[in-house]
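[1] just need the structure, nothing else, for what follows:
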Amino acid sequence: QVQLVESGGGLVEAGGSLRLSCVVSGRTITNYAMAWFRQAPGKGREFVAGISGGGTMSSYADSVKGRFTISKDNAKNTVYLQMNSLKPEETAVYYCAIGPRTSSVYARLGIIDYWGQGTQVTVSS
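    Modelled structure (predicted):
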C-alpha cells in the first residue's frame, strides 16, 4: 500500500518561510515523479511544483518561481518543498502527490497515482 504523509505546515507571517516534507512508503520515489499541489478555500486544487524521478528536472507554477524549491532525498524516500517569501493568498492545504511515471509532466497535468492527506499552511498578513 502506498502512503504519502506530509508535515511541516503551520502558521507563518507574510514574508516568512516554511519547509514541507512528504515521506513516501510503498513506492520508491527514484522511479516516479513527485509533486506538490495546493487548494485554497473555495478554490480548485492547483499545481505548485514537481520533480522528476531522477531529481534532475523540476518545474514550478509561475506564481512561485524564485520563491519555492522542490527537492528530494532518495535515501529517505522523502520530498520537500521549501517555501520562502510567503504571501497571505498562499494560505491553503498543501498536498504531496506521486505521479505514474518518472517524468513530472504527468504530475503537472494532474495525472496522479496517489495523494497525501494534506497539511495546512496559513500565512497571516
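[2] I figured Val123 hits Lys87, correct?
    Yes - counting by CB atoms under 8 Å, Val123 does reach Lys87; the two are 6.1 Å apart. (C-beta placed from N, C-alpha, C; glycine too.)
[3] the more surrounded of the two?
    Ranked by neighbour count (other CB atoms under 10 Å), Val123 and Lys87 place Val123 first, with 19 against 14.
[4] which residues sit against the strand or helix carrying that one?
    Using DSSP states H and E, Val123 maps to strand 119-124. For strand 119-124, contacts defined as CB atoms under 8 Å, 6 or more residues apart in numbering pick out 6-14, 16, 18, 20, 38, 83, 86-94.
[5] same check on stretch 36-44?
    Stretch 36-44 is contacted by residues 20, 22, 45-50, 70, 79, 81, 89-97, 110, 118, 121 when judged by CB under 8 Å, 6+ apart.
[6] same check, this time on stretch 6-22
    Outside stretch 6-22, the residues within contact range by CB under 8 Å, 6+ apart are 4-5, 23, 34, 36, 78-88, 94-96, 116-125.
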